[in-house]
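Participant: Sequence and predicted model, in that order:
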Amino acid sequence: MAGQRVFPLSCVVQHYAWGKMGSSSEVARLLASNDPLAQIAEDKPYAELWMGTHPRGDAKILDNDISQKTLGQWIAENQDCLGSKELAEKLHLQAPQHYPDANHKPEMAIALTSFQGLCGFRPVEEILTFLKKVPEFQFLIGDAASTQLRQSTSIDAQAVASALRNCFSQLMKSEKKVVVEQLNLLVKRVSQQVSAGNNMEDICGELLLQLHQQYPGDIGCLAIYFLNLLTLKPGEAMFLEANVPHAYVKGDCVECMACSDNTVRAGLTPKFIDVPTLCEMLSYTPTPSKDRLFLPTQSQEDPYLFIYDPPVPDFTIMKMEVPGSVSEYKVLALDSASILLMVEGTVTASTPTAQAAISLQRGGVLFIGANESVSLKLTVPKDLLMFRACCLL
């Protein structure tokens, strides 16, 4: 049906090894809440729920009146749903300045629960402190590289980046046997101190032991001395420019990114690590952890709407927190297609173009074409939590 521009989606689960197992995963719980026929395997990791048109995760359309089976197929034949011609032209014109390299993959993660992540290189002063306090870390980096890093702080930003790259490369290119030996020494020392009741947080002792338990002998356990540790409360976010090293450590989040599945691994993974490519591509800009925190702005028109608008044209995320006392809520039209995820709540959705109301509950996903508004009627008087990904310029 050509006029149908708002419809529900069935999205693809990715079972990456680092996902939480079975129903302990929010991904699995969202899946089960929205689909009573879903079979959750408790011995299988549920890592990500993909909403979009990526070839490895093209969402299926749950509307029998639409001839196309997937969102990608439908968009290919209904490109006007994406937004105005002016919007498309503006995106195209901006592309060269915003996509300087082939690895462009900005990302944003918004915490659903208490959330921990490693994100971007720490300030040099913090890394130098770890080199003093953690002899095993200093051993792997070496005297020459650590001296270069210390001296670079009195020169300029380019010297700092070069020295930081050298230090990180020294760690990543260390022999596996030597890494395991030094890591085991460090873990043993920290474990003994913790057992004796000593606080080891000055060298990230708790995080080290946690990661080593999950990934014993993994070089990524030592990356904590290079990368900022961010702890987010629900609703707080971190924004990652392209080529910023990061790892999600604990918790659940809503993540939005440019359409790419490219991943160059640094550690904390059972998969192959491409060290030369990794060391070559990273952005070696030290930044305080507080500068990685990204907070939303509240809409002036809608008291329940919070907007996460990063400094890239690829995406914007909207969070809607609607109290259960509000019987009806209107999702406003945008000059952009969007995807809406229902994290909490139960509603019926209606639009001017829909032939019938759409039931939407926890885990439900809705595609909304450009310039389409959606009226949501709460069928259960409980608070709504929704996220909407779109493109605003």
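Facilitator: Looks like it came in fine.
Participant: Next, the buried residues of the longest helix along the chain.
Facilitator: For the chain, the helix reaching the highest residue count under DSSP state H is reported as helix 176-195. The neighbour-count check on helix 176-195 (16 or more other C-beta atoms under 10 Å) flags Val179, Gln182, Leu183, Leu186, Val187, Arg189, Val190 as buried. Any C-beta I mention is one placed from the backbone N, CA and C, and that applies to glycine too.
Participant: State the next helix or strand along the chain beyond that helix.
Facilitator: Moving toward the C-terminus from helix 176-195, the next helix or strand (DSSP states H and E) is helix 205-214.
Participant: in terms of contact count, name the helices or strands touching that following helix.
Facilitator: Identification of packing neighbours for helix 205-214 by 3 or more C-beta pairs under 8 Å, 6 or more residues apart in numbering; DSSP states H and E yields helix 176-195, strand 246-250.
Participant: Using CSV, list the CA coordinates for that helix.
Facilitator: Listed next in CSV are the C-alpha coordinates belonging to helix 205-214 (Å, rounded to 0.1, in the frame of the first residue of the first chain):
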residue,chain,number,x,y,z
GLY,A,205,41.8,-2.6,40.9
GLU,A,206,38.2,-3.6,40.9
LEU,A,207,37.8,-3.0,37.2
LEU,A,208,41.0,-4.9,36.4
LEU,A,209,39.9,-8.0,38.4
GLN,A,210,36.4,-7.8,36.8
LEU,A,211,37.8,-7.7,33.2
HIS,A,212,40.5,-10.3,33.9
GLN,A,213,37.8,-12.7,35.2
GLN,A,214,35.9,-12.3,31.9
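Participant: Give me the buried stretch members for that helix, please.
Facilitator: The neighbour-count criterion (16+ other C-beta under 10 Å) identifies Gly205, Leu207, Leu208, Leu209, Gln210, Leu211, His212 as the buried residues of helix 205-214.
Participant: next one: that helix to chain centre, how far?
Facilitator: Computed by C-alpha atoms, centre = their mean, to the nearest Å, the separation of helix 205-214 from the middle of its chain amounts to 21 Å.
Participant: Tell me, please, where in the stretch 201-350 of the chain the pLDDT is lower than the cut-off.
Facilitator: Within the stretch 201-350 of the chain, the ranges that satisfy pLDDT under 70 run 259-273.
Participant: Now do the strands in it.
Facilitator: Using DSSP state E, counting those that start in this stretch, the strands found in the stretch 201-350 of the chain span residues 227-232, 237-240, 246-250, 253-257, 293-294, 297-298, 305-308, 316-322, 328-331, 338-344, 346-350.
Participant: Out of those strands, which is closest to Asn371?
Facilitator: In this view, the strands of the stretch 201-350 of the chain are compared for proximity to Asn371 by C-beta to C-beta, and strand 338-344 is the closest at 10.8 Å.
Participant: before we move on, the earlier item: columns distance to Ala247 and pLDDT on top of the buried residues of helix 176-195, output as a markdown table?
Facilitator: Converted to a markdown table, the buried residues of helix 176-195 look like this (distance: C-beta to C-beta, whole Å; pLDDT from 0 to 100):
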| residue | distance to Ala247 | pLDDT |
| --- | --- | --- |
| Val179 | 17 | 96 |
| Gln182 | 20 | 98 |
| Leu183 | 16 | 97 |
| Leu186 | 19 | 98 |
| Val187 | 18 | 97 |
| Arg189 | 23 | 96 |
| Val190 | 20 | 97 |
